[in-house]
Each structure stands twice: as structure tokens, then as C-alpha cells.
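A.B. asks: Give me coordinates for this.
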Amino acid sequence: MTGEATEKIRPYSDRMPILLKPEDYETWLHGDVQDVIRFQFRRPPPSDDFEILETMDRWQSGVPPTKAFPRKGDMLM
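C.D. replies: A predicted model of the protein is given here:
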């Protein structure tokens with residue numbers, strides 16, 4: 001399930017995965033369909049709550065994720 005992208009994600013996509021906090025787990029796992037769908041329409045978390053780790057994943061490079069390297073900009077770290 002995806003929702004609105006934050007400013008940090010928007011350069012990559014206008015959507016992002018729904019990020020759950022521990023207090024959301026019970027509703028996500030055991031709530032009714034309407035409860036779960038509400039996650040999709042809530043405001044995205046603040047960009048400072050997470051960081052982006054760019055990888056050379058199989059979708060772009062053909063390299064399996066297990067061989068991915070952290071990146072900063074165009075530099076491998």
C-alpha cells in the first residue's frame with residue numbers, strides 16, 4: 001500500500017510505502033479493511049523520521065539486493 005510522498009521521497013517518486021509505527025501494528029494486522037485503508041490517506045511521516053538508502057538494486061543495475069552498496073549522491077560508500 002502506498003501513500004503521498006514526503007519532500008525527501010518526491011525527487012524519486014510521487015508515492016511511497018506506508019510506514020507503520022509500532023502502535024499501528026495491531027490495526028494493520030487485525031483491523032477491518034476500512035481501518036487499514038485509512039493508513040493510505042493519512043499524512044506521511046515527517047521526512048526527519050527516516051533516511052533514504054540508495055542502492056544499486058536489481059531493478060536498475062541487474063545486481064541482486066544482497067550485493068547492493070549504500071550510496072550518497074553518485075558515490076558508493
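A.B. asks: can you give me the helices for this protein?
C.D. replies: Taking DSSP state H as the criterion, the chain contains helices spanning 25-30, 33-41, 58-61.
A.B. asks: now for the longest one, which elements pack on it?
C.D. replies: Pointing back at helix 33-41 there. When contacts are defined as 3 or more CB pairs under 8 Å, 6 or more residues apart in numbering; DSSP states H and E, helix 33-41 packs onto strand 2-4, helix 25-30. For the C-beta atoms, the positions are set from N, CA and C on the backbone; glycine is no exception.
A.B. asks: could you dump these to TSV with mean pLDDT?
C.D. replies: Formatted as TSV, those follow (pLDDT from 0 to 100):
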stretch	mean pLDDT
strand 2-4	87
helix 25-30	93
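A.B. asks: Where does the prediction get shaky in this protein?
C.D. replies: Within the chain, the stretches falling below the threshold (pLDDT under 70) are 56-77.
A.B. asks: okay, now the domains of the protein?
C.D. replies: Using automatic domain parsing, the domain parsing of the chain gives 1-45, 52-77.
A.B. asks: At the geometric centre of this protein, which residue do we find?
C.D. replies: The residue lying closest to the centre of the chain (CA atoms, centre = their mean) is Pro17, at 4.2 Å.
A.B. asks: give the contact list for the residue nearest to that residue when sequence neighbours are not counted.
C.D. replies: On the basis of CB to CB, 6 or more residues apart in numbering, the spatially nearest residue to Pro17 that is not a chain neighbour turns out to be Thr2, at 5.9 Å. Contact criterion CB atoms under 8 Å, 6 or more residues apart in numbering gives Arg15, Met16, Pro17, Ile18, Gln40 as the residues in contact with Thr2.
A.B. asks: what about the fourth one, distance to Ala5?
C.D. replies: If you measure Ile18 against Ala5 using CB to CB, to the nearest Å, the figure is 11 Å.
A.B. asks: got the contact list for Arg42?
C.D. replies: When the contact criterion is CB under 8 Å, 6+ apart, the partners of Arg42 are Gly3.
A.B. asks: cool, and the one 10 residues further on?
C.D. replies: When contacts are counted by CB under 8 Å, 6+ apart, Ile52 touches Lys8, Ile9, Tyr12.
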